[in-house]
Every structure is written in structure tokens, then in C-alpha cells.
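Visitor: the sequence isn't on hand, but the structure is:
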Ligand SMILES: Nc1ncnc2c1ncn2[C@@H]1O[C@H](COP(=O)(O)OP(=O)(O)O)[C@@H](O)[C@H]1O
Ligand SMILES: [Mg+2]
């Protein structure tokens, strides 16, 4: 795992140090005919290395739009996203795939694994085009799958595994290139309650090891287990338990 979290200015958050992620005055406006729809309306916050942050809010409040700006899947109308001090929102379009591959690990509700590939191959493929040797890729895929408890399922295809096992492969894949941030959009949305707890425990243990993770969820039982909850409404932050003055682990 990267450990380049610099210690410098005293931040507002318990973890201190320079934030791994800075979001400044982020706006995204979609035109619906002639009517502007402000999907994100001046959103700013910082995330420290190793934080496990959840983003909650009603459908349409801008959660997925926010993740797609952080993950450089789309560009804001205004404002900036900095990862480790680098403004990714200024990157050239031709640079975007490399930045996504190196800085971000994505986890989706429906796992998005490649159905014809084995667990090993699904993790390995994330490391293609990174200059990692074939042997090293295999070694790392094995390490990661063992870490998520699937060391005995390496050659299984997604259809031969449960939803929880598939999501654990997706998490191993997301970790493959040691991303600065993992972005998970409803990672427990398609699994049962017991499996949900396995996934949440895995995210918690990764965060304890220093992995920064942002989870979008509508499930308050998941959100309550994270370090910090940002609640969105109409494209704005309605509350943030990580800001001084707000109650810790509240809502
Ligand atoms: N590509 C798009 N074009 C037009 N409107 C969009 C687009 N994506 C999202 N929206 C609108 O932006 C708002 C926020 O959407 P979204 O970020 O998906 O919310 P959430 O993930 O919280 O449900 C919604 O009103 C949605 O309809
Ligand atoms: Mg959404």
C-alpha cells in the first residue's frame, strides 16, 4: 500500500496531515432542454488517508455524479478534485485512463467482473498495461485473493461463486494497482445481510491498513459502521460527521 501521506499542516480531522483527496467547489450542471439541473451544487470536502467515508442521501441527490467526478469518469462544470495534491480535473482527456488505473479502484453494486475469466484472471487483467511483469501480476493476484479469503477459489469463474465471493474478487481487483482511493457505489446493494457484513468488515480492515475508501450507500446499517458520514441533498452536502461541531458517528 502507498504510504505517502505527508504530515504537515494540522487538518480539521482526527487523522491530521495533508488530505489524500480535496474536493473544492465542485459543480456539475446537466441541461434538461433549457432548464439547468444542478446535480452537484458547490460541494467541498477533504478526505484523509485511511478514512472509510460513506456518502448517503436520497436517490437523485448527486452521489453517483460525485463519484464519477472523483473517478474521472466525467468532468465537472466547475470546481476541482485534487488527489495527493494533483488536480486531476485539469488532466488531458488522453491522460484520464492512466490516472483512473493508477489512482482509483472501482467497486460496483453488480460486481462487473468478466464472466469468461477466472478469479485470478479478473484480478490480473487490472494490472495489464501497467508495466507489471506476468509473474508479478500472478503473484499479486494470488496475494490479493488470499487476503480477501478466496485463496481456494482462484480458478473459479464468477458464475460458480456467490455474490459475496464475486464482490470480494471485485475488491481484490480494485486493490491491484495500489490505488490512492477506492470508490464503491452501493457495494452491498446486491447481497444479503450476512454477506453485507462480510463486505463491510473487509472494507473496515482495509481502511485500518491505510486504504482510503469512499462508499456510496443507501443502507444506514453500512454507513453507521464507517468513520464518517456525508449526507447529500439536492446536489449539496446536508451534513458531514467529519466536520468539527457535528456529532461524531451521529445522524
Ligand atoms: N447524464 C445525465 N444527464 C442528465 N441528468 C443526469 C445525468 N446523470 C445524473 N443526472 C441527474 O443528476 C441528478 C443526480 O443524479 P445521481 O448523481 O445519479 O444521483 P444519486 O446517485 O444520488 O441517485 C439526478 O437528478 C439525475 O437525474
Ligand atoms: Mg447513484
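Guide: Done, it's in. Being a predicted model, the structure only gives us computed values, none of them experimental. Ligands and ions are numbered 1, 2, ... in the order given.

Visitor: low-confidence ranges, this structure, go.
Guide: Along the chain, the model assigns pLDDT under 70 to residues 1-16, 245-251.

Visitor: count the neighbours of residue 212 for me.
Guide: 27 (other CB atoms under 10 Å). Yep, even glycine has a C-beta here, placed from its N, CA and C like the rest.

Visitor: mind listing what it touches?
Guide: 20, 21, 47, 48, 49, 50, 51, 180, 181, 182 (CB atoms under 8 Å, 6 or more residues apart in numbering).

Visitor: which residue is the nearest non-sequential neighbour of the third one?
Guide: Excluding the flanking residues, the one nearest residue 47 by CB to CB, 6 or more residues apart in numbering is residue 21, at 4.1 Å.

Visitor: the one you found pairs with what?
Guide: residue 47, residue 83 (DSSP bridges).

Visitor: quick check: it touching residue 83?
Guide: Yes: counting by CB atoms under 8 Å, residue 83 is a contact partner of residue 21 at 5.9 Å.

Visitor: assess the claim that residue 29 and residue 38 are in contact.
Guide: Yes: judged on CB under 8 Å, residue 29 makes contact with residue 38 at a distance of 5.4 Å.

Visitor: could you grab the helix/strand/coil label for the nearest residue to residue 190 once chain neighbours are set aside?
Guide: Leaving aside its sequence neighbours, residue 190 sits nearest to residue 109 (CB to CB, 6+ apart; 5.3 Å). Per DSSP: H, G, I helix; E, B strand; the rest coil, the local secondary structure of residue 109 is coil.

Visitor: residues in contact with residue 109?
Guide: Neighbours of residue 109 in contact, by CB under 8 Å, 6+ apart: 185, 186, 187, 189, 190.

Visitor: Three-state assignment for the residue of the stretch 51-200 of the chain found nearest ligand 2, please.
Guide: Nearest residue of the stretch 51-200 of the chain to ligand 2: residue 64, at 3.2 Å (CB to the ion). At residue 64 the chain is in helix, as set by three-state DSSP.

Visitor: now do the contacts for it.
Guide: Here residue 64 is in contact with 185, 216 (criterion: CB under 8 Å, 6+ apart).
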